[in-house]
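[1] Just a sequence and a predicted model for now, questions to come.
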Amino acid sequence: MIEALNISKSFGDHKVLNDVSFRFETGKCNLIIGQSGSGKTVLMKCLVGLFEIDSGNVMYDDRMFSRMSFDEMKVIRQEIGMLFQGGALFDSMTVEENIIFPLSMFTNQTTEEKRDRANFCLSRVNLVNVNKLFPSEISGGMKKRVAIARAIAMNPKYLFCDEPNSGLDPLTAIVIDNLINEITQEYNITTVINTHDMNSVIEIGDNIAYIHKGRLWWSGDKDSILRSDNPELNEFVFATELTRKLK
Amino acid sequence: MIRGFLFHIGRYTLLMKQVFKRPEKQSIYIKKILVEIDNLGLDSVGIVAFISTFMGAVLCIQMAFNIDTPLIPLYTIGFVTRQSVVLEFSPTIISLILAGKVGSRVASEIGTMRVTEQIDAIEIIGINPATYLIFPKVVACVLINPILIIMSMIMAVLGGWLAGIFTGLVSSSVYIYGIKSFFESYDIFYALVKTVVNAFLIVSIAGYHGYYTRGGALEVGASSTKGVVHSSIAIIVFNLILTQLLLA
């Protein structure tokens, strides 16, 4: 479980997050949703420590992450897997080397064991015969899947996904959503997904935080989001003709 | 401007503190250092040898043309060529050339990794990205640059010898006599101290600019330029400081 407690973050005079508190539960897909510029990416980067928060706390299973030194954070980070918006695969390494990289840094596994683990992770995300390819030689959807494979290589307790569906066609987006959901349930991971894709919300939104103007505006699950009477949330959720018809 | 300068000095110092933290797994870093020695050092052998040979030749010819009195012995050509090469040309001018070649490579490599979130990915995995990315490059350059500079000295002296013989300005024996004259091993020590300091400045300053790149392709280009310009300025400034400290 991850807890955000009264998090505030500013860049200069611009306050991006204002007193945000939310509990991200274990074994569930926790979604952070909101319009572009609402502060959801900043919130995620504060949760993983890529941005230093101005006030508040971030707790990882009762461990106060936000007050830790860089070296103390490194221990928790070995329990974190993260899928970046653009994949952030190491472009000078092959797919297999990308997945093996964290194993090489933190385990004493033999080359054979690391290769087996890489093959297992790749098969888990339904990828075969791509081990020797470079990231520039695979499609956008495959890159996302390789990034997921790298994120789960170390058996993480916490999985962060920053806009996992951006730039993907609807069919591939559903595949990625389902994959993340399956992995979350299978390994009982605390998964935090940052998205503005309503399909993801309807498909896998177990626990949803709606961020508006840097504040937590609404929270609930995929069933309650459609029945909410919050005007700002409704404006976001039913922004398209399709969702209005669905309602 | 002074505030900006102090800001960069402070941030650079903090980054260096991060760079020299204990590496996560030493065997990985040893491999990385060897790769960087190949990328940053051995890859520069050709250009260093080429420039040094021709600069040595030019120094020899210029010296010969400037000796227009029989009161100055001809072996002065070899002596001055050696002194110019050892004291200034190889440790400083070749370092400036390496600042262009190696500095731009380091800044653009790390800058691209920053804007494509690869550095964030390294950090999230639990690795100190400053150490992982900059430390092996610094160590590689500090180890390989002295070898490159010694090679540069040899090639420049050889270039001068070839130029002297083929133009008929000085005989082989006289040139070699000049090369051997008044030799002080301390000059080599002075040159190598400058080389090591310059190697550190090139990689650390270029790495600093790459590490703090924000934006996209244009900013990566700008970081690369800044890395080269600022490391060149630092080389020139430290050249004066070290010369005052070691030779005065």
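    Here it is on my side, so go on.
[2] continuing past the helix ranked longest in chain B, what's the next helix or strand?
    With DSSP state H setting the assignment, residue counts place helix B:129-167 as the longest helix in chain B. Downstream of helix B:129-167, the first helix or strand assigned by DSSP states H and E is helix B:172-180.
[3] quick check: mean pLDDT across that next one?
    Mean pLDDT, helix B:172-180: 94.
[4] Give me the distance between it and the centre of its chain.
    Taking CA atoms, centre = their mean, to the nearest Å, the mean C-alpha location of helix B:172-180 is offset from the chain mean by 28 Å.
[5] can you pull the buried residues of whatever helix or strand comes next after that helix?
    Downstream of helix B:172-180, the first helix or strand assigned by DSSP H and E is helix B:185-211. Neighbour counts over helix B:185-211 (16 or more other CB atoms under 10 Å in any protein chain shown) mark B:187-188, B:190-192, B:194-211 as buried. Just so you know, the C-beta spots here come from the backbone N, C-alpha and C atoms, and that holds for glycine as well.
[6] quick one, strands of chain A?
    For chain A, the strands defined by DSSP state E occupy A:2-11, A:14-24, A:29-33, A:55-60, A:63-64, A:80-83, A:158-162, A:190-195, A:207-212, A:215-220.
[7] Tabulate those (CSV), appending distance to residue A:140, mean pLDDT and mean neighbour count.
    Below are those laid out as CSV (distance: least, CB to CB, whole Å; pLDDT from 0 to 100; neighbours: other CB atoms under 10 Å in any protein chain shown):
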stretch, distance to residue A:140, mean pLDDT, mean neighbour count
strand A:2-11, 28, 94, 18
strand A:14-24, 27, 93, 18
strand A:29-33, 21, 93, 27
strand A:55-60, 31, 93, 17
strand A:63-64, 35, 90, 13
strand A:80-83, 13, 92, 27
strand A:158-162, 15, 93, 24
strand A:190-195, 16, 94, 26
strand A:207-212, 26, 92, 22
strand A:215-220, 31, 92, 18
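[8] what about those strands, which gets the closest to residue B:246?
    Ranking the strands of chain A by proximity to residue B:246 (CB to CB) places strand A:2-11 first, at 46.2 Å.
[9] Specify the beta-bridge partners of the most centrally placed residue in chain A.
    Geometric centre of chain A, nearest residue: residue A:161, 1.7 Å, by CA atoms, centre = their mean. Beta-bridge pairing of residue A:161 under DSSP bridges involves residue A:83, residue A:193.
[10] angle of the longest helix of chain B against helix B:185-211?
    Here helix B:129-167 points in a direction 130 degrees away from that of helix B:185-211 (axes from the mean of the first three to the mean of the last three CA atoms, to 10 degrees).
[11] So which of the strands of chain A is nearest residue B:129?
    strand A:80-83 (13.7 Å).
[12] In space, what's closest to residue A:71 - neighbours in sequence excluded?
    residue B:21 (8.0 Å; CB to CB, 6 or more residues apart in numbering or on different chains).
[13] Nearest spatial neighbour of residue A:27, chain-adjacent residues omitted?
    residue A:188 (4.7 Å).
[14] For that neighbour, give me the backbone phi and psi.
    phi 50, psi 50 (degrees, to the nearest 10).
[15] How much space separates it from residue A:47?
    19 Å (CB to CB, to the nearest Å).
[16] Tell me which of these two has more neighbours.
    Taking other CB atoms under 10 Å in any protein chain shown, residue A:188 and residue A:47 do not tie; residue A:47 has more neighbours (26 against 10).
[17] Buried residues of stretch B:165-174, list them for me.
    For stretch B:165-174, by 16+ other CB under 10 Å, it's B:169-170, B:174.
[18] Quick one: distance of that stretch to the chain centre.
    31 Å.
[19] Return the residues in contact with residue 194.
    Using chain A here. With contact taken as CB atoms under 8 Å, 6 or more residues apart in numbering or on different chains, residue A:194 is in contact with A:31-32, A:40-41, A:43-44, A:160-163.
[20] um, chain B though
    B:91-92, B:95, B:238-239, B:242.
[21] just the angle between the helix or strand hosting residue B:56 and helix B:129-167, please?
    For residue B:56, the element it lies in under DSSP H and E is helix B:45-66. Relative orientation of helix B:45-66 and helix B:129-167, computed by the same axes, to 10 degrees: 40 degrees.
[22] and residue A:142, how many neighbours does it have?
    19.
[23] do you know how far it is from residue A:76?
    29 Å.
[24] Then residue B:138?
    For residue B:138, the distance to residue A:76 - CB to CB - is 28 Å.
[25] Of those two, which one has the most company?
    The neighbour comparison of residue B:138 against residue A:76 (other CB under 10 Å) goes to residue B:138, with 23 against 19.
[26] which intervals of chain A have sub-threshold pLDDT?
    A:247 (pLDDT under 70).
[27] residues in contact with the most centrally placed residue in chain B?
    Relative to the mean C-alpha position of chain B, the nearest C-alpha, by CA atoms, centre = their mean, is the one of residue B:95, at 2.7 Å. Applying CB under 8 Å, 6+ apart, we find residue B:95 in contact with B:145, B:149, B:194-195, B:198-199, B:202, B:235.
[28] ok, residue 153 - contacts?
    This is for chain A. By CB under 8 Å, 6+ apart, the neighbours of residue A:153 are A:81, A:99-100, A:102-103, A:117-118, A:121.
[29] Chain B, not that one
    Contacts of residue B:153 (CB under 8 Å, 6+ apart): B:52, B:85-86, B:90, B:191.
[30] cutoff 6 Å now
    By CB atoms under 6 Å, 6 or more residues apart in numbering or on different chains, the contact list for residue B:153 reads B:85-86, B:90.
[31] returning to what we had before: who wins for proximity to residue B:64 among the strands of chain A?
    strand A:2-11 (63.4 Å).
[32] what sits up against that closest one?
    A:16-24, A:42, A:46, A:53-60, A:190.
[33] Tell me if I'm right that the residue nearest to residue A:71 and residue B:131 touch.
    Yes: using CB atoms under 6 Å, residue B:21 makes contact with residue B:131 at a distance of 5.4 Å.
[34] These two: who's more crowded?
    In terms of neighbours (other CB under 10 Å), residue B:131 is the more surrounded of residue B:21 and residue B:131; the figures are 18 against 13.
[35] What residues sit buried inside the longest helix of chain B?
    B:129-142, B:144-146, B:148-157, B:159-164.
[36] How about stretch B:64-72?
    B:64, B:67.
[37] what does that stretch contact?
    B:77, B:169.
[38] Straight-line length of it, end to end?
    For stretch B:64-72, the first-to-last residue distance is 11 Å (CA to CA, to the nearest Å).
[39] from the chain's centre, how far out does it sit?
    For stretch B:64-72 - counting by CA atoms, centre = their mean - the centre lies 33 Å from the chain centre.
[40] and chain B, which residues reach chain A?
    B:24-25, B:117-118, B:120-121, B:124-127 (CB under 6 Å from any CB of the partner chain).
[41] Out of these, which end up buried?
    B:24, B:117-118, B:120-121, B:124-127.
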